[in-house]
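*Asks:* could you work out the structure for the sequence below:
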Amino acid sequence: MNEKKGKFMGKDKQLIKNTLILAIGMVLPKIFTVLTIPIYSSYLNVEEFGGVDYVTTIILGLVVPVLTLQLENGVFRYLIDAKNEEQKKRYISTGYFLVLLLSLIAMVVMYFIPISGLNTPMLRIVLSVYVGIETLILFFRNVVRGLGKNAQYALNSIISVVVNFIMMVITMMVLKAGVNGYMLSLLIPDIVALAYLIWHEKLHRYIRLRYFDQEYLGKLLRYSLPLIPNAISWFVINFSDKVIIIAILGQAAQGIYATAYKIPNMFNMFYQAFNLAWTESASRNANKSGLEKYYSRMFAQLFKLLSGGLLLLIAFSPFVFKVLVRGASYFEAINYMPLLIVSTYLSCIAAFYGSVYVVCKESKKAGVTSFIAAVVNLVVHFALITWLGLHAAVISTFVSFLVLTLYRAYDINKHYYKIKYNYRLIVLVMIITILLVCLYYVDNLYVMLLSMLLSVVVAWFINQKLINQILRKLIHR
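*Replies:* Residues are numbered from 1 along each chain as shown. Reported below is the predicted structural model:
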């Protein structure tokens, strides 16, 4: 019994360590991303920002994930199981050369695609290079994770976002370069981060043409290709709203919607770190016993942390929004944030369940469940857009993530692991969330302060055990 408990404690310690390392790499980028809101909202109008956000979202959300054939996920998963350096070199080289070929083809094609508002020769070159760089940096970051170097993964993300902030200040505030400056501030940081990652980790030593192996390619593709529908479905859920908004309501409406999503996306900063660490930990221990209890314990802790973050973000977001957003044309975005925060919260829980599919190597299931949610998103959005305007996008996003979360919870508990739930806590969180959302729309300073106080008290109440443990360790050290 003590031996089994010791194994779980070892898993937990490694998970906590990796989560903290990756959290540093996620939190700082999110902070710097938020700090860019006053810059772009001052130097780009809503139409300009709506246009560039539309294009970059397509590139990052659809083009790059499909272009890589999800090989970065396959390489990461098989590097975890690799038994020696020879196997690592074969997995990395095999994945790299195919991704490189596809990215070069995509760069050429991208240059000749006419894009409204971004059709100057300079911007076409920038967008083409941007596609290639994003593809390669996504691949190599997953290679580093697969090699167990989470600290370098985190550091690389920090380098990218710090350079991004500096470049945005230079190109937009100093040089007044507008859209050109915004796009350069996206491209140059990732070039710097990619060069640093390859140089510092000496990743070139893993890449030789003689290590390209068709048998390894087959294994990678069998794992990776079923993940493409999953990536496309997530893109549809997150991006179809933007397509419909631009087509029916215009680019200004898209600029407002994109701004409304900025603060809710802060919600992801811890979860992304946890999910990366959790997926790695669960994958490394996939063949060990006692996983059902382990997963239940991880979900219970994650639910408390996410719920605390949900309540705090809903209560504090009006204050944060008013501090950060400068242009008056963006102010409408504040009306759409509460339900987007809840939607992001649900997406994190759904991603946790998706990690279980990854651990079980059930990539097809991840794709099927995401596809169902994508269809729900489209149907609800099209049904409501002419009546409710931007509110339709918010509602469809919420409904799709709710369906995805509930379906995955049911499917995993029926076919894989029976995760135990604290239903009293779930009901409590639901009640407080509804109350805070109602208070959110009351434009009164005292009500805002009351909402903040309530969120802090409840967040502390449901996480007090973890908070006390952290405080004791900090005081001890």
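
*Asks:* can you find the helix or strand in this structure with the smallest mean pLDDT?
*Replies:* Sorted by mean pLDDT, DSSP states H and E, the helices and strands of the chain end with helix 2-35, the least confident at a mean of 55.

*Asks:* thinking L346 is in contact with L406, fair?
*Replies:* No: L346 lies out of contact with L406 (C-beta atoms under 8 Å); the separation is 9.2 Å. (Glycine included, C-beta is placed from N, CA and C.)

*Asks:* neighbour count for the two, which is higher?
*Replies:* L346 (21 against 14; other C-beta atoms under 10 Å).

*Asks:* grab the nearest non-local neighbour of that one.
*Replies:* Here the nearest residue to L346 in space, its sequence neighbours aside, is F401; by C-beta to C-beta, 6 or more residues apart in numbering that works out to 3.9 Å.

*Asks:* quick check: the gap between C360 and I80.
*Replies:* Computed as C-beta to C-beta, to the nearest Å, the C360 to I80 distance reads 14 Å.

*Asks:* should've said L339
*Replies:* Where I80 is concerned, L339 sits at a distance of 37 Å (C-beta to C-beta).

*Asks:* these two: which is more packed in?
*Replies:* A direct count of neighbours by other C-beta under 10 Å for L339 and I80 places L339 higher, at 21 against 16.

*Asks:* avg pLDDT for the host helix or strand of the more buried one?
*Replies:* In the assignment (DSSP states H and E), L339 maps to helix 337-359. For helix 337-359, the mean pLDDT works out to 85.

*Asks:* let's number from 30 now, not from 1
*Replies:* Got it, the first residue is 30 from now on, which makes the last one we talked about helix 366-388.

*Asks:* from the contact counts, what lies against that helix?
*Replies:* Contacts defined by 3 or more C-beta pairs under 8 Å, 6 or more residues apart in numbering; DSSP states H and E place helix 366-388 against helix 280-291, helix 297-313, helix 320-353, helix 392-417, helix 419-444, helix 452-469.

*Asks:* the inter-axis angle of that helix versus helix 452-469?
*Replies:* 150 degrees (axes from the mean of the first three to the mean of the last three C-alpha atoms, to 10 degrees).

*Asks:* relative to E76, which of the helices and strands packed on helix 366-388 is closest?
*Replies:* helix 280-291 (4.6 Å; C-beta to C-beta).

*Asks:* pop the domain breakdown of this structure in here.
*Replies:* As assigned by automatic domain parsing, the chain contains the domains 30-49+255-506, 65-98+100-253.

*Asks:* least confident of the ones you listed, on average?
*Replies:* domain 30-49+255-506 (a mean of 77).

*Asks:* burial count for I292?
*Replies:* Residues lying near I292 (other C-beta under 10 Å) number 24.

*Asks:* surely it and K351 touch.
*Replies:* No: if you go by C-beta under 8 Å, I292 and K351 don't touch, sitting 11.1 Å apart.

*Asks:* how far off centre is stretch 152-161?
*Replies:* 22 Å (C-alpha atoms, centre = their mean, to the nearest Å).

*Asks:* list the buried residues of it.
*Replies:* Neighbour counts over stretch 152-161 (16 or more other C-beta atoms under 10 Å) mark L152, R153, V155, L156, S157, V158, Y159, V160, G161 as buried.
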